[in-house]
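**Q** Task: produce atomic coordinates for the following.
(one chain, ligands or ions: 2)
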Amino acid sequence: MSESLDLMVIGSGPGGYRAAVYAALRGLSVGIVEKADWGGTCLNRGCIPKKDWHHTAKTIARSAKFAERGIAGGPLKGDLAAAWEHQERVVAQVQESYVGFMDRLKVQQYKGHARLDAEGNVVIEGPDAGTVAARNVILGTGSRPAPIPGVEPVSGKVLTTDMLFDEPAPPPGEVIVAGSGVIGTEMAFILAQLGCSVTWVASGAPLRKTRFTPQARGALEGKLQEHGIEWRTGGRLAGTRVEGERVVAELDDGERLEADWLLLGTGREPVTDGLGLEEAGVETDDRGFVRVDEYRRTTREGVYAIGDCANRHQTANHAMADGVVAVKNILEAESTEANDAMVPEVVYSALELARVGLDDDEAEDAEYEPAVGFTSFETNPKAVGQDTDEGFTRLLVDMDEGTLLGGEIVGDSAGELIHILTSHPDPDTALSQIAAGRFNHPAMAEEVLNSTETLAANWGLGPEIFGTD
Ligand SMILES: Cc1cc2nc3c(=O)[nH]c(=O)nc-3n(C[C@H](O)[C@H](O)[C@H](O)COP(=O)(O)OP(=O)(O)OC[C@H]3O[C@@H](n4cnc5c(N)ncnc54)[C@H](O)[C@@H]3O)c2cc1C
Ligand SMILES: NC(=O)c1ccc[n+]([C@@H]2O[C@H](COP(=O)([O-])OP(=O)(O)OC[C@H]3O[C@@H](n4cnc5c(N)ncnc54)[C@H](O)[C@@H]3O)[C@@H](O)[C@H]2O)c1
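**A** Residues are numbered from 1 along each chain as shown. Ligands and ions are numbered 1, 2, ... in the order given. Below is the predicted model:
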């Protein structure tokens with residue numbers, strides 16, 4: 001058995017990586033074990049390659065207006081094979097910097113499949129086989145595409161997003177995208193721009209099960225339709241068959257669709273098998289997620305669980321926030337409660353949608369007096385000048401106290417702009433802090449400032465926003 005570490009992390013996705021780095025920066029001796037690719041789903045087959053493609057897709061979509069801007073040569077066309085190569089290079093570059101940073105912080109890196117034994121040690125099988133004792137263990141084993149009855153993934157034909165990014169992309173052509181959640185909504189737009197003719201089996205409006213407002217979803221729907229991307233509501237995918245070069249998709253309403261290949265965006269399930277959880281006394285819930293409390297502790301003392309294997313939000317943002325919560329509670333027991341609502345959620349499609357905090361119903365249920373501060377990018381000079389004038393900023397505030405309850409930003413770079421809200425973690429002073437900030441002009445960020453002023457003008461929140469001096 002090797003020397004005892006303060007912390008051993010299982011899984012190097014955004015949750016595990018963030019926990020390891022944060023713990024090392026706070027002075028703990030840290031090890032991390034990974035059975036596949038450093039960086040997990042997010043880096044290798046999730047957020048990072050998807051974001052790379054989203055940028056390409058956005059550029060192609062905007063090129064429809066190139067001629068009227070005085071740019072010759074548009075509209076542009078996508079090249080899926082070249083785009084696939086590009087994301088490979090980006091992933092490799094980011095991975096090298098991740099591993100290099102862990103080296104610099106002296107995080108001990110182990111390669112292999114890890115499990116817990118009854119004593120809570122980490123047993124590794126594979127290249128770095130052995131047993132590592134650690135005072136604390138964090139499980140960050142992530143998720144994988146959930147199976148659907150009747151649907152068998154087939155290389156090049158019936159693809160999960162893992163397969164799409166792990167194996168060279170099939171030639172574009174007719175493609176069925178299944179699922180109206182985040183993956184379906186992002187990939188239907190991206191693949192359409194990259195040259196595929198997309199049939200989207202959504203079984204309902206895009207993102208209808210998320211907490212984005214009807215206004216945000218409506219703006220997205222309008223933009224998708226502007227790009228000719230329609231979703232097919234009705235039947236759900238009930239089976240797939242490969243017939244020669246074609247894929248046949250059977251829907252549960254009796255419809256039969258055909259395409260060159262099909263992409264599944266139909267949900268992911270937590271990875272908890274082969275981890276020795278039962279032997280170690282770590283419980284899972286009815287959907288297979290590791291059971292954790294608000295401190296991200298599992299049912300076994302000294303073992304924490306973070307990210308997709310334990311958190312139903314299943315975003316990199318939640319995984320990273322969980323990682324910090326777990327380490328803070330290792331450093332000082334019960335010092336930090338997780339607050340999922342205050343972690344931003346972002347969707348990258350024909351428009352970017354970002355949100356944080358309570359939604360309108362949750363605010364009312366919590367007995368706040370919600371007021372909305374709204375501004376549109378339609379009149380924002382930067383947005384108008386760069387053809388990004390769709391979308392808006394929407395702040396949700398308690399009228400009595402001026403507390404910032406939540407916010408939503410829809411439009412170009414919404415995933416960046418949302419940080420103006422999340423970087424003021426005290427909701428009681430967030431509005432006055434934003435209003436007192438100095439802004440660059442012209443900038444889309446100015447609409448966040450304008451939204452605070454709308455609240456002052458429309459809801460009498462002047463003293464809370466501008467102060468009483
Ligand atoms: C196509 C796609 C796009 C996405 N885009 C975004 C986005 O833009 N923004 C966002 O916030 N989220 C996005 N997500 C979600 C995001 O990727 C996940 O929420 C995130 O990766 C979860 O992080 P994690 O650390 O919990 O686990 P993972 O990233 O899944 O990493 C877990 C790691 O643990 C390893 N592991 C598992 N078991 C063991 C074991 N026994 N021993 C050793 N190692 C083990 C795995 O090999 C893996 O590397 C996307 C997901 C997909 C599929
Ligand atoms: N930008 C981001 O943060 C981001 C991007 C991609 C993925 N993710 C995360 O990855 C996870 C997986 O994403 P996802 O979109 O696959 O899951 P999801 O749970 O968001 O959506 C899956 C959708 O597929 C539908 N579905 C399930 N079975 C179906 C069938 N047989 N036929 C038709 N539709 C079916 C479901 O009703 C649901 O609407 C999510 O938790 C998501 O948060 C996050």
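**Q** in the sheet, who's paired with the closest residue to Tyr368 other than its chain neighbours?
**A** Leaving aside its sequence neighbours, Tyr368 sits nearest to Asp398 (C-beta to C-beta, 6 or more residues apart in numbering; 4.3 Å). Backbone N, C-alpha and C define where each C-beta goes, glycine included. Applying DSSP bridges to Asp398 gives these bridge partners: Pro370.
**Q** Does Asp398 touch Ala430 like I think?
**A** No: in this structure, Asp398 is not within contact of Ala430 by C-beta atoms under 8 Å, at 11.3 Å.
**Q** who has more neighbours, the two?
**A** Neighbours per residue, other C-beta atoms under 10 Å: of Asp398 and Ala430, the larger number sits with Ala430, 24 against 21.
**Q** Tell me if I'm right that that one and Gly406 touch.
**A** No: with contact defined as C-beta under 8 Å, Ala430 does not reach Gly406; the gap is 10.7 Å.
**Q** what kind of secondary structure is Asp426 in?
**A** Under DSSP: H, G, I helix; E, B strand; the rest coil, the three-state class of Asp426 is coil.
**Q** Report the spatially closest residue to Gly173, excluding sequence-adjacent ones.
**A** Distance criterion C-beta to C-beta, 6+ apart; nearest residue to Gly173, sequence neighbours excluded, is Asp260 at 3.6 Å.
**Q** And the one you found, how far from Met163?
**A** Distance, Asp260 to Met163, using C-beta to C-beta, to the nearest Å: 15 Å.
**Q** How about Ala81?
**A** With the distance defined as C-beta to C-beta, Ala81 ends up 16 Å from Met163.
**Q** Between these two, which has more neighbouring residues?
**A** Comparing Ala81 with Met163 by other C-beta under 10 Å, the one with more neighbours is Met163, at 20 against 15.
**Q** Can you spell out which helices and strands pack onto the helix or strand hosting that one?
**A** Met163 belongs to helix 161-166 when assigned by DSSP states H and E. Helices and strands touching helix 161-166, by 3 or more C-beta pairs under 8 Å, 6 or more residues apart in numbering; DSSP states H and E, are helix 40-45, strand 143-145, strand 261-264.
**Q** Any buried residues in the helix ranked longest in the chain, and which?
**A** As assigned by DSSP state H, the longest helix anywhere in the chain is helix 80-104. Along helix 80-104, these residues count as buried under the neighbour rule (16 or more other C-beta atoms under 10 Å): Leu80, Ala83, Trp84, His86, Gln87, Val90, Val91, Val94, Gln95, Tyr98, Val99, Met102.
**Q** need the residues of the chain near ligand 1, please.
**A** Counting by C-beta under 6 Å from any ligand atom, the chain comes close to ligand 1 at 10-16, 33-36, 40-42, 46-47, 50-51, 113-114, 140-143, 161, 183, 271, 274-275, 307-308, 314-317, 319.
**Q** wait, Asn121 sits on Gly130?
**A** No: assessed by C-beta under 8 Å, Asn121 is found out of contact with Gly130, at 10.0 Å.
**Q** And the two? Which one has more around it.
**A** Asn121 (21 against 14).
**Q** got a list of what that one touches?
**A** Listed by C-beta atoms under 8 Å, 6 or more residues apart in numbering, the contact set of Asn121 reads Met1, Thr131, Val132, Ala133, Ala134.
**Q** go on, Glu453?
**A** Residues counted as contacts of Glu453 (C-beta under 8 Å, 6+ apart) are Gly373, Ala435, Ile465.
**Q** Among those residues, which ones are in helices?
**A** Those of these mapping onto helices are Ala435, Ile465, per DSSP H.
**Q** so which of the contacts of Glu453 is the most crowded?
**A** In terms of neighbours by other C-beta under 10 Å, the contacts of Glu453 top out with Gly373 at 25 neighbours.
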